[in-house]
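> Requesting a structural model of the entry that follows:
(one chain, ligands or ions: 1)
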Amino acid sequence: VVVAGVSDPRFDRQVRFADLGAAGQARLQAASALVVGCGALGGSIAMQLTRSGIGRLTLVDRDVVELSNLPRQVLFHEEHLGAPKALCARDELARIGGPTKLEAHAEHLDADNLAQLARGVDIVLDGTDNLATRYLVNDYCVEKNVPWVYGGVVGAAGLVMPITPGASACLRCVFPEPPPAGALPTCDTAGVILPAVAAIASLQCAAALRILATPRERWAELEPRLIEVDVWNLEARSIRVSRDPECRCCGAREFEFLDAPAEGLAISLCGRNTVQVRPAAGRQPTDLPALAERLRASVRDLALQEGLLVFAAEGKRFTVFRDGRALIEGLDDAVRARALYDRFLGS
Ligand SMILES: [Zn+2]
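The predicted structure follows:
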C-alpha cells in the first residue's frame, strides 16, 4: 500500500518516535476508526486520532451539546450549545486539517446500525457513557474480529482495556454480565473532572495507535492488560488479564447483545410528552434504595415509594421501576430520553 504524505513534515516528530516510525505512520494513515460517542472521552480520542493522522474517522453520537459538557468535552464551545455533538465534533476536527477523512452520524448506536457504521473499520474506540453499548460493541468486535478499546471514567478515576479478539481477553472475560441498571455511579451522579477524562482518553488512544501500527500476526505480543488510573490520588495499576475459556462471548461465541432486538428500548408514549425506557434484556432487578442514595445529591424531589423511585432532573420527571424500566416525563424524543436514562441510571 502506497500512502501519500508519510514524509509530510506535519508528522515528523511522530515518525521520529521509533516504536511508531515511518512504517507505523503509514499503517495509521491507511487505517480507519469508529469512535462511539463524541462527548468527554470520545471527543478527546477523536482529537488525538485526527491530529495523529489516522486515515478515516467515523463519529457517532446521539446527544446535543449542553453547558455542563464544556468543562471536559474539549471539542465544544458555547456557540455549539443545543447542536448535535457528532456534527459539531466533525466541524471542529476539520479545522485541524491533515489527511483524515471525517464522517459524522448524529444517531443512537444500536444493534441495527452498528454493522453499517463499523463496516470496514480497523478499530473501534469506546467513548460512550453506557454499558449496554459497550457489551454490544464487544459482541460485534469479537464476532467480526475487529480490535476495540474499552474506556470508562467517573470522578477522578477510570479503566482502560484494549481488546484484540483472538489474542486478548474480551470485555465479558473480565466483566461477564452488565450490572443492574442504576448499580454503578455515573458522571451525572458522582461527577467527573477533565484530567481524569484526558488521562483515560490518552491511554485509549495510545493503545489504538499501537494496535494499528502492529501487524495483526503480531498482536499476541501486545500483552493484554486492564489499566486503572486515579488522577486525584495519583495511583495507577496495570493488571494482566487472560481469556476466560468459559466466556459466553469469545469462548462460546454467543452474541446475545448483538442478537437482542434494538427496537422498544425507548418508546415515546403518544400524546403524553413521556418516553418509556427499558434496560437491556436480562438485567438483574434494580436496588431502588441504593439508587436513591446515589442520586440524592444530584437530583430534586427524590421520593422512594413501594416498588418505585421518583425524582426530577434536567427539567424532566423520572419514575423508575424495580425492573429498571423508567418513565421520563417532559419530552417526546426517544433518543434524548435514552441518553438521560443512561446518564442518571447508568445502563
Ligand atoms: Zn471473552
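
> just the strands in the stretch 201-347 of the chain please.
Remark: strands assigned in the stretch 201-347 of the chain by DSSP state E, counting those that start in this stretch are 225-230, 235-240, 266-269, 274-277, 300-305, 308-313, 316-321, 326-329.

> Near E235, how many other residues are there?
When neighbours are counted by other C-beta atoms under 10 Å, E235 registers 11. All C-beta spots, glycine's among them, are computed from the backbone N, C-alpha and C.

> ok, it to A156 distance?
10 Å (C-beta to C-beta, to the nearest Å).

> rewinding a little: switch the strands of the stretch 201-347 of the chain over to a markdown table; also include distance to the ion and mean pLDDT.
Shown next, in a markdown table, are the strands of the stretch 201-347 of the chain (distance: least, C-beta to the ion, whole Å; pLDDT from 0 to 100):
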| stretch | distance to the ion | mean pLDDT |
| --- | --- | --- |
| strand 225-230 | 13 | 96 |
| strand 235-240 | 15 | 96 |
| strand 266-269 | 28 | 67 |
| strand 274-277 | 28 | 85 |
| strand 300-305 | 37 | 91 |
| strand 308-313 | 34 | 92 |
| strand 316-321 | 31 | 90 |
| strand 326-329 | 30 | 90 |
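
> Put together a markdown table for the ones you listed, with distance to V149 on each row.
Shown next, in a markdown table, are the strands of the stretch 201-347 of the chain (distance: least, C-beta to C-beta, whole Å):
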| stretch | distance to V149 |
| --- | --- |
| strand 225-230 | 11 |
| strand 235-240 | 15 |
| strand 266-269 | 27 |
| strand 274-277 | 27 |
| strand 300-305 | 36 |
| strand 308-313 | 31 |
| strand 316-321 | 31 |
| strand 326-329 | 30 |
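
> Which neighbouring residues are in contact with D301, exactly?
D301 makes contact with 310-312, 317, according to C-beta atoms under 8 Å, 6 or more residues apart in numbering.

> Which positions within stretch 42-57 qualify as buried?
Judged by neighbour count (16 or more other C-beta atoms under 10 Å), stretch 42-57 contains these buried residues: 42-57.

> Now intersect those residues with the helices, please.
Among those, the ones falling in helices (DSSP state H) are 42-52.

> chain center to stretch 272-290, what's the gap?
20 Å (C-alpha atoms, centre = their mean, to the nearest Å).

> Only the C-alpha atoms, please, for that stretch, written as PDB.
The C-alpha coordinates for stretch 272-290 follow below in PDB (Å, rounded to 0.1, in the frame of the first residue of the first chain):
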ATOM      1  CA  ARG A 272     -48.300  12.200  26.900                       C
ATOM      2  CA  ASN A 273     -45.000  14.000  26.500                       C
ATOM      3  CA  THR A 274     -43.400  11.000  28.100                       C
ATOM      4  CA  VAL A 275     -41.000   8.300  27.000                       C
ATOM      5  CA  GLN A 276     -40.700   4.900  28.500                       C
ATOM      6  CA  VAL A 277     -37.100   3.500  28.600                       C
ATOM      7  CA  ARG A 278     -36.400  -0.200  29.300                       C
ATOM      8  CA  PRO A 279     -33.000  -1.500  30.300                       C
ATOM      9  CA  ALA A 280     -31.200  -4.100  28.100                       C
ATOM     10  CA  ALA A 281     -32.700  -7.600  28.400                       C
ATOM     11  CA  GLY A 282     -31.600 -10.000  31.200                       C
ATOM     12  CA  ARG A 283     -30.700  -7.300  33.800                       C
ATOM     13  CA  GLN A 284     -31.000  -8.100  37.500                       C
ATOM     14  CA  PRO A 285     -33.700  -6.100  39.400                       C
ATOM     15  CA  THR A 286     -32.600  -2.600  40.300                       C
ATOM     16  CA  ASP A 287     -31.900  -1.900  44.000                       C
ATOM     17  CA  LEU A 288     -34.000   1.200  44.300                       C
ATOM     18  CA  PRO A 289     -32.900   2.300  47.900                       C
ATOM     19  CA  ALA A 290     -29.300   2.100  46.800                       C
END
